[in-house]
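**Student:** Coordinates for the following, if possible.
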Amino acid sequence: MGFPGTWMTESQSMIYRVVPKCACSTIGQIMFYSDHGRFFDGDIHDATSGLHKWALDDSQKLIETAVRDHAALTFTCVRNPYARILSSFFDKIAGIQRNGKRYRGNLVPQLVQSYGIDVGNPDDGFDFDQIASFRRFLLFARDTIRWRRPMEPDIHWSAMSGHISTFIVNGGRYDQIFFTETFNDGISKVLADVSTPVPVDVEDVPRFNESEGHGPKRAFKVSDYFDDLSRHLIWEIYKDDFQLFRYDFDDPDNKMPTGEIDLAEVHAKLGR
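**Tutor:** Here you go, the predicted model:
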């Protein structure tokens, strides 16, 4: 199976297991900059050179060797599950993608037909009932994760623990896992522990939010989107994410972690 979703700098200074919707665009750009002294011109997910990726055939052997030998600092980044699933909805379901089309072609029309979701459109200013549509999307997301129908779960709303575990199960080990909510501190600790060809000043790095500006803005506070049923579904889907990564299930409006991540616990529980 190898190491899907894994990126490595060309200098092999660091290895990153991508977790979608957890600042992955900014992290990828920082890795690119640390080798080349410039940011990639475009979405870093589209880069086919300047950064080793498991999806690139020529990179796989290099990544596999570095991971097996633990030759580079290895890290990933996590995010509050409430905020992450909301971000997935507003970006991938309600938003228009960079190519000017809806995500995954017929996915949104299928959700409109099968789940009664309404996401508006740019012509009406994305005028729709955000709360009702999000809750229906959550039912769909649960169905994909629990029963793998009407489709396989998408990487943007499948559990963070699932992404992170594949790396461990296949022989990798993390040196650091940090929080999106304290991003500068987390990425600064990574950079402090590696030697890069080009120094990076984290305070000067812009945020590369590739989905921003292509869809509706969230109109309400986080807790307004989650009634009792929604929270039941969230716990069903993301129980391991809340527990392993120390997020507050009881208060959806508290985006901050409640404690530090225990790397030994993560490796023990996700390495089974």
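**Student:** give me every residue that touches the nearest residue to residue 217 once chain neighbours are set aside.
**Tutor:** Excluding its sequence neighbours, the residue lying closest to residue 217 (C-beta to C-beta, 6 or more residues apart in numbering) is residue 90, at 7.8 Å. Where you see a C-beta, it was placed from the backbone N, CA and C, and this is true even at glycine. By C-beta atoms under 8 Å, 6 or more residues apart in numbering, the contact set of residue 90 is 211, 215-218.
**Student:** what secondary structure does residue 90 sit in?
**Tutor:** Following DSSP: H, G, I helix; E, B strand; the rest coil, residue 90 is assigned to helix.
**Student:** so which of the contacts of residue 90 is the most crowded?
**Tutor:** Within those, most neighbours by other C-beta atoms under 10 Å means residue 215, with 22 neighbours.
**Student:** For burial, what's the neighbour tally of the nearest residue to that one once chain neighbours are set aside?
**Tutor:** Spatially, and ignoring its direct neighbours in sequence, residue 215 is nearest to residue 95 (2.5 Å; C-beta to C-beta, 6+ apart). Neighbours of residue 95 under the rule other C-beta under 10 Å: 22.
**Student:** Where do the helices of the stretch 1-150 of the chain begin and end?
**Tutor:** Using DSSP state H, counting those that start in this stretch, the helices of the stretch 1-150 of the chain run over residues 24-36, 57-68, 81-88, 107-115, 130-147.
**Student:** Can you add mean neighbour count and mean pLDDT and give these back as TSV?
**Tutor:** Output for the helices of the stretch 1-150 of the chain, formatted as TSV (neighbours: other C-beta atoms under 10 Å; pLDDT from 0 to 100):
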stretch	mean neighbour count	mean pLDDT
helix 24-36	22	97
helix 57-68	15	97
helix 81-88	23	96
helix 107-115	15	92
helix 130-147	18	96
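**Student:** Am I right that residue 40 is in contact with residue 34?
**Tutor:** No - with contact defined as C-beta atoms under 8 Å, residue 40 does not reach residue 34; the gap is 11.9 Å.
**Student:** one step back: residue 264: which of the helices of the stretch 1-150 of the chain is closest?
**Tutor:** Nearest to residue 264, of all these, is helix 57-68, at 18.9 Å by C-beta to C-beta.
**Student:** what helices or strands is that closest one leaning on?
**Tutor:** strand 6-9, strand 14-17, strand 51-53 (3 or more C-beta pairs under 8 Å, 6 or more residues apart in numbering; DSSP states H and E).
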